[in-house]
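1. predicted model and sequence follow; I will ask about them next.
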Amino acid sequence: MPSLIPKPTILIVEDEARMRRLLELDLAEAGFQTLSAQDAEKGLDFLRREHVDLVLTDLKLPGTSGLDFLHSAKRLHAALPVIVMTAYGSVETAVEAMKAGASDYVLKPFSLAEMRMAVEKELDVRRLRDENRSLREALGQRYSYPNVVARSAKMQEVLALVDHVAPTPSTVLLGGESGVGKDLIARVIHERSSRASGPFIKINSTAIPENLLESELFGYEKGAFTGAAATKPGKFELADKGTMFLDEIGDVPPATQVKLLRVLQEREFERLGGTRTIKVDVRLIAATNRDLRAALEEGTFREDLYYRLNVVPIDIPPLREHKEDIPDLVKLFLTRFCQGSAGQPLAVSPAALEQLMAFHWPGNVRELENVIERACALARGPVLEPADIHLDTARTKSSGASPLLPEGKTLDAWEDEIIREAYRRANGNKSQAARMLGLSRNALRYRLEKIGIADEPAKETQE
């Protein structure tokens, strides 16, 4: 019985007839419907008249450039995924296209298999984003994983994203403060993916000296440097057919960023001191507690690598923003640390729980876990009482000084409020609001996106 699900339609905008025909034939063989245009004008005409699921466009087109075509396509369909094709020497232009809204770029010359993989990945991501538009309304479904506490709406949103992205091949960028559980979420994504039977390799870039990180990731050949007495495979080789979790990606040095970009683009690399190209099939999950947008502005993080990593971003909230999960977290940690010999506490008193709920938790879930483990070790009875809870209040109090923040406000909430006020006073003009705040326009756009204020291009034309 033929499938009733319509095949995705791909618009190919390419002035070279042979390349256009090759893409048409290969994508049709892969089960896609195709529309073809030899210039931007005809491509835009298709977008006005036809349903299109994805666009492939060359950046070098006759008449209107591919970049101008991209801007026009995005004005017509803001959520439409666009993959740009560009010559190897034009990577900077490709990055400009990513800033303008392109979903991905492929460098010429490319193989048809590489292009097909890029198309399938972007269609998966679009499906994921379409499904997640209604996540807030669909939170009646409860997502649950072992060792992951998520009673709160915010953590349910995180797990809903995880549930949708895990089966796809997409690269994931986990964001959030230290201690929120990024490594736990990364492992859940791996275990829910088709790679679950493969290896899960974790590496923290800040735990390894900068001069050793490259050899740790990519391995080295015998004699590559003093002390290299034997050939050693790197973490990417060990993660083949599985998942690599690279924590603190924002601290990777520039030279290693170049090699990471190549692995993401071409799935290949050479060991340190070697000449043989090694092919790998690895899904990368990266994590950071830094603002990578700020790192872009400072020039310490590559733009092209950022756009390769930021395919599906998942931000994990700090514990102070989902305190309703604290009772269940406490129960989990009590089970983990307080069972065993007789006399160890198995419960927590209401007064002790109230004390835990009132704390700010600058160290997030990891700090709560440590506090409960310590309480279990030192408690004097079968129930944890306030006297058994030892909190690091010195981190949240200043010695007799007036509070810096308004009563009941977190730093994040206060910053969000200031940004909203500046945006309101500037009547939605991002450039004016950025000047009020002493930020660059890109930095402000990033912060607006974080608090759910979407771009309004029409107001920017008034500047």
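-> Perfect, I can see it now. Since the structure is predicted, the reported quantities are computational estimates derived from the model, not experimental observations.
2. quick one: contacts of the helix or strand hosting Ser72?
-> Assigned by DSSP states H and E, Ser72 belongs to helix 66-76. With contact meaning CB atoms under 8 Å, 6 or more residues apart in numbering, helix 66-76 is reached by 13, 40, 43-44, 47-48, 55, 57-61, 64, 80, 82, 84, 86, 93, 96-97, 100-102, 457. C-beta here means a position set from N, CA and C on the backbone, and glycine is covered the same way.
3. among the residues you listed, which ones are buried?
-> Buried members of the contacts of helix 66-76, counted by 16 or more other CB atoms under 10 Å: 13, 40, 43-44, 47, 55, 57-61, 80, 82, 84, 86, 93, 96-97, 101-102.
4. ok now do Glu216, which residues does it touch?
-> The contact partners of Glu216, by CB under 8 Å, 6+ apart, come to 203, 208, 234-235.
5. ramachandran coordinates for Lys121?
-> phi -60, psi -50 (degrees, to the nearest 10).
6. low-confidence stretches in the stretch 1-150 of the chain?
-> Under the criterion pLDDT under 70, the flagged ranges of the stretch 1-150 of the chain are 1-5, 88-91, 129-143.
7. same thing but 80
-> Applying pLDDT under 80 to the stretch 1-150 of the chain picks out residues 1-6, 87-95, 99, 125-147.
8. for it, just list every one of the helices.
-> 17-29, 40-49, 66-76, 91-99, 112-132 (DSSP state H, counting those that start in this stretch).
9. any chance of these in a markdown table, plus distance to Phe301?
-> Listed next are the helices of the stretch 1-150 of the chain as a markdown table, based on distance: least, CB to CB, whole Å:
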| stretch | distance to Phe301 |
| --- | --- |
| helix 17-29 | 33 |
| helix 40-49 | 32 |
| helix 66-76 | 23 |
| helix 91-99 | 12 |
| helix 112-132 | 22 |
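10. which among those helices is found nearest to Glu177?
-> helix 112-132 (22.7 Å; CB to CB).
11. can you list the domains in this protein?
-> Domain ranges of the chain: 9-132, 153-317, 320-395, 411-460, per automatic domain parsing.
12. pipe those into JSON lines and attach distance to Tyr145 per row.
-> Formatted as JSON lines, the domains of the chain follow (distance: least, CB to CB, whole Å):
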{"stretch": "domain 9-132", "distance to Tyr145": "18"}
{"stretch": "domain 153-317", "distance to Tyr145": "5"}
{"stretch": "domain 320-395", "distance to Tyr145": "12"}
{"stretch": "domain 411-460", "distance to Tyr145": "25"}
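13. worst average pLDDT in those domains?
-> Lowest mean pLDDT of the domains of the chain: domain 411-460, a mean of 76.
14. Pro327: which of the helices of the stretch 1-150 of the chain is closest?
-> helix 112-132 (27.9 Å).
15. what's in contact with the closest one?
-> 8, 10, 22-23, 26-27, 30, 32, 53-54, 56, 79, 81, 83, 103-104, 106, 160-161, 164-165, 168-170, 311-312.
16. show me how to select, in PyMOL, the buried members of those residues.
-> To isolate the buried members of the contacts of helix 112-132 in PyMOL, using 16+ other CB under 10 Å:
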select buried, resi 8+10+23+26+27+30+32+53+54+56+81+83+103+104+106+160+161+164+165+168+169+170+311+312
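17. among the contacts of helix 112-132, which lie within strands?
-> 10, 54, 56, 83, 104, 106, 312 (DSSP state E).
18. list the beta-bridge partners for the third one.
-> For Leu56, the beta-bridge partners under DSSP bridges are Ile12, Ile83.
19. wait, isn't it in contact with Pro81?
-> No - if you go by CB atoms under 8 Å, Leu56 and Pro81 don't touch, sitting 9.9 Å apart.
20. coming back round to it: buried sites along the helix holding Ser72?
-> By 16+ other CB under 10 Å, the buried positions in helix 66-76 come out as 66-67, 69-70, 73-74.
21. Three-state assignment for the most centrally placed residue in the chain, please.
-> Geometric centre of the chain, nearest residue: Leu173, 2.0 Å, by CA atoms, centre = their mean. State at Leu173, reduced to three classes by DSSP: H, G, I helix; E, B strand; the rest coil: strand.
22. ok, it - contacts?
-> 249, 286-288, 309-314.
23. try it again at 6 Å.
-> By CB atoms under 6 Å, 6 or more residues apart in numbering, the contact list for Leu173 reads 286, 309-310, 313.
24. same check, this time on Ser193
-> Neighbours of Ser193 in contact, by CB under 6 Å, 6+ apart: Ala166.
25. that one sits in which helix or strand?
-> Ser193 belongs to no helix or strand, assigned by DSSP H and E.
26. pipe the ones in strands among the contacts of helix 112-132 into a markdown table and attach distance to Phe301 per row.
-> Converted to a markdown table, the ones in strands among the contacts of helix 112-132 look like this (distance: CB to CB, whole Å):
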| residue | distance to Phe301 |
| --- | --- |
| Ile10 | 32 |
| Leu54 | 28 |
| Leu56 | 28 |
| Ile83 | 23 |
| Asp104 | 19 |
| Val106 | 22 |
| Val312 | 18 |
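27. apart from its neighbours in sequence, what residue is nearest Asn370?
-> Gly363 (7.6 Å; CB to CB, 6 or more residues apart in numbering).
28. if you could redo that for Ala100, that was the one I meant.
-> Leu70 (5.4 Å).
29. quick check: that neighbour vs Leu44, distance?
-> Look at Leu70 and Leu44: by CB to CB, to the nearest Å, they are 11 Å apart.
30. one more: His71?
-> Distance from His71 to Leu44, by CB to CB: 11 Å.
31. same thing with Leu173?
-> 32 Å.
32. look at Thr393 and say how many residues are nearby.
-> The burial count assigned to Thr393 is 9, neighbours taken as other CB atoms under 10 Å.
33. whoops, I mixed them up, Leu264
-> Leu264, neighbours per other CB under 10 Å, totals 17.
34. how about the one 10 residues further on?
-> Applying the criterion other CB under 10 Å, we find 16 residues in the vicinity of Gly274.
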